[in-house]
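> how would this look folded up:
(2 chains)
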2 protein chains.
Amino acid sequence: MAYEVQEASLVNLYALSTLKDFACRFLRALGATAEEAAIISDGLMTASQWWHPGQGQGLEKLFRYHRRVKNGGIQPDAPMRWLQDTPAFALLDAAKGFGYVAAHRAMSRAVEKAATTGIAMVGVQHSNHFGIAGYHALQAAKAGLIGWSFTNAKAEMAPWGSAKPVLGTNPWGIAIPRSDHQAIVLDMALTMSGKGMMRWYEQEGRSMPDNWALTPDGQSTTDPAAAREGPMLPIGEYKGYGLSLFTDVLAGVMTGARFGLNVFQDDQNFDVGHMMIAIDPAALMSREDYDRRLAQLVAQVKNAPAIDEDRPVLLPGEVEFRRMGQRQQNGIPVSRETVAGLRDLASDLGLAFTL
Amino acid sequence: MAYEVQEASLVNLYALSTLKDFACRFLRALGATAEEAAIISDGLMTASQWWHPGQGQGLEKLFRYHRRVKNGGIQPDAPMRWLQDTPAFALLDAAKGFGYVAAHRAMSRAVEKAATTGIAMVGVQHSNHFGIAGYHALQAAKAGLIGWSFTNAKAEMAPWGSAKPVLGTNPWGIAIPRSDHQAIVLDMALTMSGKGMMRWYEQEGRSMPDNWALTPDGQSTTDPAAAREGPMLPIGEYKGYGLSLFTDVLAGVMTGARFGLNVFQDDQNFDVGHMMIAIDPAALMSREDYDRRLAQLVAQVKNAPAIDEDRPVLLPGEVEFRRMGQRQQNGIPVSRETVAGLRDLASDLGLAFTL
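Numbers count the residues shown, from 1 in each chain, chains lettered A, B, ... in the order given. So this is what the prediction gives:
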């Protein structure tokens, strides 16, 4: 696995507390409040433990936050406000604040509501990139509820039958709480792959599956370079297109954020929209019955024999939680390129550099 | 298109009223109440207008209803009852009644609730096959709400990495209301294709895409016969597996119905579970703003140029509504084999045969 090679040769390994402390101080230096810095750094640390540095969701995000705070696209300590707040739904104006913070507040509110009403939805407008969809869903599962997070995103997917990107990859996070176990966490874009993965295939000189992306004029290809400017292909062909359109209705149209071609276009006002849904899985029965029944379903799934005995059947999210455990033991990888870049920024910000 | 050839040579064409009248009388003869017969026949007529007779969702379903009412698996006029009924959620015990009827009542209740609370969920336990997922979602859209219907189904999908079917194709219906236009309706299984489509490819001697199904020992294949007893493959690989697992939590685990390997196993008690979610798309803004914004997104989608000019970009459900209009003009196809079979059953039931 190339990821593991890269992990050994081009990264440094750090203790979680070292990275988190640095991320918090960096964000505070950008103007984030203590609460904001805590929320964002927790999300970045989750990405750093779940995924590979090359996926760019960990400390690498600090470059973007620095750039966008400086240009006014992200406003630290933004004057977010509740435009609506009823028993089962609410709407948050994120006021160009940090997407992680807006999504976190929205899911917190959804969880509070669903604990009473059984199901609740909280929309967010005027936000920014919210980080990991599965992270926000997991927030609900940690409180014992099912979390379901949606966001719209920059147009990279074409309507089925076209090659013009109009809709985003529009990631979903779904988290299902389990008693005494890690939650089941599904974190997925609605496309077969992503631009970052395609770039990596191009750098490595590898051909890609022909269901990842099209050329800009709509031809099938296995050449990542030929599809660089083309549309990413949806999961399930027309089905993923329909799901992406639906997601933009929930996260964009309904919330008052931008949508379709217009979201993520203005660098000083991305105006991203999110929707958070929380569901009490024990609304319809006792918590004990829910736990017992879910454990039965999980056992059926996990007992299904693997095709390849070296690749056991896993629950969604299981590989990420295993990796998290390993990295808390062995250290969390940050690429040396990221460390060098952060050293420069820390110097500009007058921040003690501890990595 | 082979479907159209078959439509011309092996089917009779009927007026909608003729078919619906026959379906209603047939269902009444089986013991269905007038309300039940009206609900079920409306669903069957929708399938007859949206899809091809070979998909088996139209009048062909009457054979199954006849068989299952006779063996006790479906109980007409079942004593369904509300086990829970709160402002934003409810739970219906379908008492082995018709799945169409249970799902219709559940979505009606979800719509009533969401009109007040903004979002609502209604679960169903002890039910049967509910027909078309998109039909139940459309019920909400006709009332101005977003409808989202889920059901579990017989195990035909394996957990990712296994070849043993544990989860169903677990279809979703999503309907988004539009002012002065047909709703956007996405009706989709969570597998790339279905057993029926694979059987048709096998009969026609065609090879199938290699992402439809595996052989029973987990090998990739393009031979429908080789995959006849193998698992159907999920949309988006591990993503569709995660969505199917989640669907069984919503529709099976949470509702008190059977789930996983156990649903749809006992011919006298399938014990299928459904979940209906209704969302008021105008909860967070005025209906006029929602309509205007949705129309903008739809225009962006529809204005995307087609790769093949003979295949214009369509909204989810658009092809079905077009077909519905054409068939209301030209007649609705029923295969001659189905007509002959229904003639025999009508005779047994002492029913005047009018097809």
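
> residue contacts, the residue positioned nearest the centre of chain A?
Geometric centre of chain A, nearest residue: residue A:132, 1.6 Å, by C-alpha atoms, centre = their mean. With contact taken as C-beta atoms under 8 Å, 6 or more residues apart in numbering or on different chains, residue A:132 is in contact with A:43, A:46, A:47, A:50, A:57, A:173, A:187. Where C-beta positions appear, they are placed from N, C-alpha and C, glycine not excepted.

> what's the closest of those residues to chain B?
Nearest to chain B among the contacts of residue A:132: residue A:187, at 9.0 Å, using C-beta to the nearest C-beta.

> OK, contacts around that closest one?
Residue A:187 makes contacts with A:132, A:133, A:134, A:135, A:137, A:171, A:172, A:173, A:316, A:317, A:320, as judged by C-beta under 8 Å, 6+ apart.

> hmm, who's touching the helix or strand where the last one lies?
Following DSSP states H and E, one finds residue A:320 within helix A:318-330. The set of residues that contact helix A:318-330 without belonging to it, under C-beta under 8 Å, 6+ apart, is A:13, A:16, A:46, A:48, A:49, A:50, A:51, A:134, A:182, A:185, A:187, A:333.

> For that helix, C-alpha coordinates in CSV please.
Extracted as CSV, the C-alpha positions of helix A:318-330 are listed here (Å, rounded to 0.1, in the frame of the first residue of the first chain):
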residue,chain,number,x,y,z
GLU,A,318,-14.2,0.3,11.5
VAL,A,319,-11.0,0.7,9.6
GLU,A,320,-10.8,4.4,10.7
PHE,A,321,-11.3,3.5,14.4
ARG,A,322,-8.6,0.8,14.2
ARG,A,323,-6.2,3.3,12.6
MET,A,324,-7.1,5.8,15.4
GLY,A,325,-6.1,3.3,18.0
GLN,A,326,-2.8,2.4,16.3
ARG,A,327,-1.9,6.0,15.8
GLN,A,328,-2.6,6.9,19.4
GLN,A,329,0.0,4.2,20.2
ASN,A,330,2.5,4.8,17.5
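
> so how far is the following helix or strand past it from its chain's centroid?
Next along the chain after helix A:318-330, taking DSSP H and E as the criterion, comes strand A:332-335. In terms of C-alpha atoms, centre = their mean, to the nearest Å, the centre of strand A:332-335 is set 19 Å apart from its chain centre.

> Quick check: which helices or strands does whichever helix or strand comes after strand A:332-335 pack against?
Scanning forward in sequence from strand A:332-335 by DSSP H and E, the next helix or strand is helix A:336-349. Judged by 3 or more C-beta pairs under 8 Å, 6 or more residues apart in numbering or on different chains; DSSP states H and E, helix A:336-349 is in contact with strand A:11-14, helix A:16-30, helix A:61-71.

> thinking in terms of the whole chain, how far from its middle is the second one?
With C-alpha atoms, centre = their mean as the basis, helix A:16-30 stands 20 Å off its chain's centre.

> Over to the shortest one?
Relative to its chain's centre, strand A:11-14 lies at 23 Å (C-alpha atoms, centre = their mean).

> Same check on stretch A:226-240?
Taking C-alpha atoms, centre = their mean, one finds stretch A:226-240 lying 19 Å from the centre of the chain it belongs to.

> Next: stretch A:275-284.
20 Å.

> average pLDDT for that stretch?
Mean per-residue pLDDT for stretch A:275-284: 97.

> Then stretch A:161-177?
Average pLDDT, stretch A:161-177: 98.

> which parts of it are buried?
Using 16 or more other C-beta atoms under 10 Å in any protein chain shown as the test for burial, stretch A:161-177 gives A:161-177.

> Tell me the secondary structure of residue A:276, please.
Look at residue A:276: counting by DSSP: H, G, I helix; E, B strand; the rest coil, its state is strand.

> What is the burial count for it?
Residue A:276 is flanked by 35 other residues according to other C-beta atoms under 10 Å in any protein chain shown.

> which residues does it bridge with?
residue A:122, residue A:149 (DSSP bridges).

> Next, the contact list for it, please.
Contacts of residue A:276 (C-beta under 8 Å, 6+ apart): A:103, A:106-107, A:109-110, A:121-124, A:136, A:140, A:147-150.

> hmm, 10 Å instead?
Neighbour list for residue A:276: A:90, A:92, A:102-111, A:114, A:120-124, A:130, A:136-137, A:139-140, A:147-151, A:173, A:250-251 [criterion: C-beta atoms under 10 Å, 6 or more residues apart in numbering or on different chains].

> what subset of the buried residues of stretch A:161-177 is also close to chain B?
Contacts with chain B within the buried residues of stretch A:161-177, counted by C-beta under 10 Å from any C-beta of the partner chain: A:161, A:162, A:163, A:164, A:165, A:166, A:167, A:172, A:174, A:175, A:176.

> surely the first one meets residue A:241?
Yes - the pair residue A:161 / residue A:241 is scored as a contact, 8.7 Å apart, by C-beta atoms under 10 Å.
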